[in-house]
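In: Got a predicted model here, sequence first, then my questions.
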Amino acid sequence: VAAPVSFSADEFMRLQVRLEDDRVVPTRLAGQYQAENIGLALTAFARLAASADVCPEAKVADTTAQALREVTWPARMDLLRESPLFLVDGAHNPNGAARLAESLIQLQRNGHLQEAVLLTAALADKDAAALYRELLPYFCEVWCVPLGSSRALPVAQLAEMIHNLASAQKPADEVRRPRVHAAEDARAAARTLWEGARPVVVAGSLYLAGEVLAEIGEQSVFQKM
């Protein structure tokens with residue numbers, strides 16, 4: 001079975017998978033956590049294919065490669081534009097934010113987060129403070145927007161919390177303390193940032209990710225591959 005042997009990524013964290021038959025397959029997924037998801041899925045498929053009549057043995061390798069080329073996952077390291085970068089990720093809890101931050105580090109090192117803006121919203125029943133501690137170091141500006149949910153954290157409260165978190169950063173991190181703004185409409189904010197010249201990352205809520213993807217109406221760069 002053509003199980004994954006290794007992964008590689010380009011400057012935007014897009015993944016390629018080298019299978020045990022030595023073929024290299026480009027994917028439409030990005031980020032370290034997606035590499036782990038791919039590995040888990042292929043391991044499960046390999047075991048299933050070996051123990052049940054789900055796929056002819058002669059076709060397992062080709063089926064694996066085809067699945068890798070075609071699978072997509074909207075709102076997970078979802079790159080809508082390369083330059084300036086516009087990235088949508090549904091990270092909405094501290095663990096998700098930490099995994100997103102692993103990719104933000106690489107994007108920053110590759111020069112794609114200079115003067116970057118975080119477009120964000122959060123639900124009141126999430127540990128938003130821990131989430132933003134993971135994300136704030138990568139942005140010079142944060143736009144807080146409302147959500148169409150009764151569970152949403154009010155924009156003014158969210159903006160105040162993020163401002164306080166940023167102010168609490170160590171003096172050595174002064175350059176990283178982002179400016180914080182409260183906007184009145186998520187879709188309008190997304191459109192304004194889309195038409196701007198700075199890198200943008202959307203994170204904090206799957207609800208927000210859906211609103212942004214609906215407003216921009218742009219197919220992921222990965223889906224155009």
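Out: Received it, and whenever you're ready, just let me know what you need. Numbers count the residues shown, from 1 in each chain.

In: Strands of the chain, start to end?
Out: Remark: strands assigned in the chain by DSSP state E are 4-9, 14-19, 24-30, 78-81, 86-88, 117-120, 141-144, 179-182, 200-203.

In: who does the shortest one pair up with?
Out: Strand 86-88 has the following strand partners under DSSP bridges: strand 78-81 (antiparallel), strand 200-203 (parallel).

In: Please report the number of neighbouring residues for the nearest residue to residue 184 once chain neighbours are set aside.
Out: Computed as Cβ to Cβ, 6 or more residues apart in numbering, the closest residue to residue 184 that is not its neighbour in sequence is residue 146, at 7.2 Å. Glycine gets a C-beta too; all of them are placed from N, C-alpha and C. Applying other Cβ atoms under 10 Å, we find 20 residues neighbouring residue 146.

In: Kindly report the same for the one 5 residues further on.
Out: Burial of residue 151, expressed as a neighbour count using other Cβ under 10 Å, amounts to 12.

In: Equivalent analysis for the one 5 residues further on, please.
Out: The local packing count at residue 156 equals 11, with neighbours defined by other Cβ under 10 Å.

In: I'd assumed residue 183 was in contact with it.
Out: No - Residue 156 is beyond contact range of residue 183, at 11.2 Å (criterion: Cβ atoms under 8 Å).

In: Packing partners of the longest helix anywhere in the chain?
Out: If you go by DSSP state H, the chain has its longest helix at helix 32-51. On a contact count with 3 or more Cβ pairs under 8 Å, 6 or more residues apart in numbering; DSSP states H and E, helix 32-51 meets strand 4-9, strand 14-19, strand 24-30, helix 60-70, helix 94-109.

In: Out of these, which gets nearest to residue 133?
Out: Set against residue 133 and scored by Cβ to Cβ, the helices and strands packed on helix 32-51 come closest in helix 94-109, at 7.9 Å.

In: in the closest one, what counts as buried?
Out: Within helix 94-109, the residues that count as buried by 16 or more other Cβ atoms under 10 Å are 94, 96-101, 103-104, 106-108.

In: could I get the lowest-mean-pLDDT helix or strand in the chain in CSV with only the CA atoms?
Out: Lowest by mean pLDDT, DSSP states H and E among the helices and strands of the chain is strand 4-9, with a mean of 82. Extracted in CSV, the C-alpha atoms of strand 4-9 (Å, rounded to 0.1, in the frame of the first residue of the first chain):
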residue,chain,number,x,y,z
PRO,A,4,3.1,8.3,3.3
VAL,A,5,6.9,8.3,3.7
SER,A,6,7.6,12.0,4.0
PHE,A,7,6.1,15.4,3.6
SER,A,8,7.5,18.6,2.1
ALA,A,9,6.0,22.1,1.9
